[in-house]
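Asks: Pasting the sequence and the predicted coordinates here, then a few questions.
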Amino acid sequence: MTFAERMLKIDRRIIFAVIGLCTLLPLLYPVGLAIRISPEVKAVHDYIESLPEGSVFLLSLDFDPASKPELYPQAVALLRHAFKHNLRVIGMTLWLPGTGMANEVITRIAEEQGKVNGKDYVFLGWSPGGSSVIINMGQDLYKAFPTDYGNQPTKGLAVLNGVQNLRDVSYVVSLAAGTTGIETWYVFGKDKYKFELGGGCTGVIAPGLYPLLRSGQINGLIGGLRGAAEYEVLIGQKGRAVAGMDAQSVTHFAIIVLVILCNVFYLSIRKARQAQGQGGHS
Amino acid sequence: MIFFRRQLPLLITLVTGIVFAAQYYVPHPASEEMLTTVTKWLQIIGGFALVLGVTSLFHIHAVKIRRKEPGWGYSFVLYAAMLGTIAVGLWREGKETVNGGMTAFGWIYNFMMVPLQGTMFAILAFFIASAAYRSFRARSREAAVLLIAAIIVMMGRVPLGEYLVPISGDITQWILNVLNASVRRAILIGVSLGAVALSLKIIFGVERAYLGGGKE
């Protein structure tokens, strides 16, 4: 067995160790490289910035704990921005396993910003049905959610003053880890009830949402941890996402180096076999 | 009985399919009220689907335990975890916090479910790296193009890549906004046309697989 063949059959635990170190070391010794802001993230930020104080902002946290590392920092950054801008915040989720986490992040950031439940924000919780919930909210928000997550009746809450359905919401952002998520909010929500829609998603599904972005079906997109880091930079409050970018940088480069090495070994083996084949025929 | 098993469901599908396709274009209050009512029904049915899912899960794993199939111990763990969580959840009325304090249900959620799901997702990074090393090879010209595009996008999406090769960020944006978006759009249009065709086939009774394969 040649060196290249041996290297191609390397024990995968060595690769695991390399990735582990590439994640751990930058977290322990951060460098803090500059993060460039992409237009799609800036669009979400600028739209929130353009809303008058007291506008209604609906944040749908459509993800479960599996996507917490990427989407939780996005939620934190968006909520901080919305509360600082004195928007009325409605929180909800279309993913049952994410309910507790969504409640925790909204409550925590609201307390941090000195906001009052029922007056400045409300967390509606989860309701079964996925797309049906969106249609139902579009028709009558109080029929879709008669009570909030803490079982207080939604009718009469100061935060929902003047809000009857989704047509009265100024901006909706869905932070999604898949379906039900941004596409569902567009198809069953924005298309019919005509509110502005933005999105945040995991890095792996972001490329699939670019057609919606390019056609204006969503006005902006926060993609993965990178998107969250950009948003943290935009609001001037660096957090976990910015801290994680060094680790993501080094890990990406480790994978690039691994892929290049694998191809060098693969091509050298192929070339040697071709040479052997030619030698055999001559 | 063929009427109840075949013809009636087909008739209901035909009528509701046409009515709700038309409803989208009729903004009259009566039409909107009908949509509100029916989506409320759908929400209730969605709740029942949850019960069905849990029942099915219980049944599958009960069979595994009874037959002592390979890995039946994991089914036992699933049973214990699920019953334990349901019991604690009912005891604490589904609340994770009471007066600012964490309940047992909240403890299970925050210190078991959240880290376990996070761990499952995090180990993907290790497997992706290993799989990329073993299988991401330039076996053909098309694979080489894909490989180069992937490397550029991976560089352009992290600060280190943009620092070392400043143009990688712009090329990445172009790949995502032009190449990727156009291909994705073509796929979406194809899928959407397929969905429309399938919906029409279901509405008009051409596609009947949803009725099940019972006796006529």
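Replies: Cool, got the structure.
Asks: okay, CA-based contacts and neighbour counts for the rest of this
Replies: Will do.
Asks: Which of the helices or strands spans A:L234?
Replies: helix A:224-235 (DSSP states H and E).
Asks: Give me the helices and strands touching that helix, please.
Replies: helix A:39-50, helix A:68-84, strand A:196-201, strand A:221-223, helix A:240-281 (3 or more CA pairs under 8 Å, 6 or more residues apart in numbering or on different chains; DSSP states H and E).
Asks: Which residue is it, in the stretch 101-250 of chain A, that comes closest to chain B?
Replies: A:G129 (4.4 Å; CA to the nearest CA).
Asks: Okay, that residue and B:E162: tell me how far apart.
Replies: Relative to B:E162, A:G129 is positioned 43 Å away (CA to CA, to the nearest Å).
Asks: now B:D170
Replies: From B:D170 to B:E162 the distance is 9 Å (CA to CA).
Asks: can you list residues touching both of the two?
Replies: Common contacts of B:D170 and B:E162, defined by CA atoms under 8 Å, 6 or more residues apart in numbering or on different chains, comprise B:G156.
Asks: Looking at those two, which one has more neighbours?
Replies: Ranked by neighbour count (other CA atoms under 10 Å in any protein chain shown), B:D170 and B:E162 place B:E162 first, with 20 against 15.
Asks: I figured that one hits B:I152, correct?
Replies: No. B:E162 lies out of contact with B:I152 (CA atoms under 8 Å); the separation is 10.2 Å.
Asks: So what would you say the end-to-end distance of stretch B:96-110 is?
Replies: Stretch B:96-110 stretches 9 Å from its first residue to its last (CA to CA).
Asks: quick one: buried residues of it?
Replies: Under the neighbour-count criterion of 16 or more other CA atoms under 10 Å in any protein chain shown, stretch B:96-110 has B:E96, B:T97, B:T103, B:A104, B:F105, B:G106, B:I108, B:Y109, B:N110 buried.
Asks: just stretch A:235-255 next, same as before
Replies: A:238-255.
Asks: residues making contact with that stretch?
Replies: Contacts for stretch A:235-255 (CA under 8 Å, 6+ apart): A:18-19, A:22-27, A:30-33, A:70, A:73, A:77, A:81, A:225-226, A:228-230, A:232-233, B:129, B:132-133, B:154-155, B:158-161.
Asks: Could you rerun that using 6 Å?
Replies: A:C22, A:T23, A:P26, A:P73, A:L225, A:A228, A:A229, A:E232, B:A129, B:V158, B:L160 (CA atoms under 6 Å, 6 or more residues apart in numbering or on different chains).
Asks: What residues does chain A have near chain B?
Replies: Proximity of chain A to chain B, by CA under 6 Å from any CA of the partner chain, involves residues A:16, A:35, A:65-66, A:128-129, A:132, A:136, A:139, A:210-211, A:249, A:255, A:258-259, A:262-263.
Asks: can we see that at 7 Å?
Replies: Neighbours of chain B within chain A, by CA under 7 Å from any CA of the partner chain: A:8, A:12, A:15-16, A:19, A:33-35, A:65-68, A:100, A:128-129, A:132-133, A:135-136, A:139, A:207-208, A:210-211, A:248-249, A:252, A:255-256, A:258-259, A:262-263.
Asks: Just the buried residues of the biggest helix by length in chain B, please?
Replies: Secondary structure assigned by DSSP state H gives helix B:29-67 as the longest helix of chain B. Applying a neighbour-count criterion of 16+ other CA under 10 Å, one finds B:31-32, B:35-36, B:38-40, B:42-43, B:46, B:58, B:61-62, B:64-65 buried in helix B:29-67.
Asks: give me the subset of those touching chain A.
Replies: Answer for the buried residues of helix B:29-67 near chain A (CA under 7 Å from any CA): B:T36, B:T39, B:K40, B:L42, B:Q43, B:G46.
Asks: Please report how far the fourth one lies from A:A144.
Replies: By that I understand B:L42. Computed as CA to CA, the B:L42 to A:A144 distance reads 11 Å.
Asks: now swap in the last one and tell me
Replies: In this structure, B:G46 lies at 13 Å from A:A144, with CA to CA as the measure.
Asks: Of the helices and strands packed on helix A:224-235, flag the one that's most buried.
Replies: Greatest average neighbour count among the helices and strands packed on helix A:224-235 goes to strand A:221-223 (a mean of 29), per mean count of other CA atoms under 10 Å in any protein chain shown.
Asks: What strands line up against it, and which way round?
Replies: Note on strand A:221-223: by DSSP bridges, its sheet partners are strand A:196-201 (parallel).
Asks: Packing partners of whichever helix or strand comes after the strand it pairs with?
Replies: With elements assigned by DSSP H and E, the helix or strand that comes after strand A:196-201 is helix A:210-214. Under the contact criterion of 3 or more CA pairs under 7 Å, 6 or more residues apart in numbering or on different chains; DSSP states H and E, helix A:210-214 touches helix B:181-203.
Asks: Quickly list what the residue nearest the centre of chain A is bridged to.
Replies: Nearest to the centroid of the C-alpha atoms of chain A, with distances taken as CA atoms, centre = their mean, sits A:C201, at 3.2 Å. Applying DSSP bridges to A:C201 gives these bridge partners: A:A176, A:G223.
Asks: quick one: it and A:G223 touch, right?
Replies: Yes. Look at A:C201 against A:G223 with CA atoms under 7 Å: they come within range, at 5.3 Å.
Asks: Okay, now the unreliable bits of chain B?
Replies: B:213-216 (pLDDT under 70).
Asks: interface residues of it facing chain A?
Replies: B:36, B:39-40, B:42-43, B:46-47, B:96, B:114, B:117-118, B:121, B:126, B:129-130, B:132-134, B:136-138, B:151, B:154, B:158-160, B:176-177, B:180-181, B:184-185.
Asks: if we can go back for a sec, how close does the residue nearest to the centre of chain A sit to A:G178?
Replies: 8 Å.
Asks: Likewise for A:A43?
Replies: 22 Å.
Asks: cool, and B:A49?
Replies: Counting by CA to CA, the gap from B:A49 to A:G178 is 20 Å.
Asks: again, but for A:I19
Replies: To A:G178, A:I19 is 26 Å away according to CA to CA.
Asks: neighbour count winner among the two?
Replies: Neighbours per residue (other CA under 10 Å) separate A:I19 from A:G178, with A:I19 holding more: 22 against 17.
Asks: doesn't B:I128 make contact with that one?
Replies: No. Using CA under 7 Å as the test, A:I19 is too far from B:I128 to be in contact (10.2 Å).
Asks: Where does A:S60 sit, in terms of helix or strand?
Replies: Here A:S60 is assigned to strand A:56-62, by DSSP H and E.
Asks: Each with direction, which strands does that strand pair with?
Replies: Here strand A:56-62 has these sheet partners by DSSP bridges: strand A:88-93 (parallel), strand A:171-176 (parallel).
Asks: got a list of contacts for it?
Replies: Strand A:56-62 is contacted by residues A:87-95, A:102, A:169-177, A:181 when judged by CA atoms under 7 Å, 6 or more residues apart in numbering or on different chains.
Asks: Likewise for stretch B:11-18?
Replies: For stretch B:11-18, the external contacting residues (CA under 7 Å, 6+ apart) are B:I203, B:F204.
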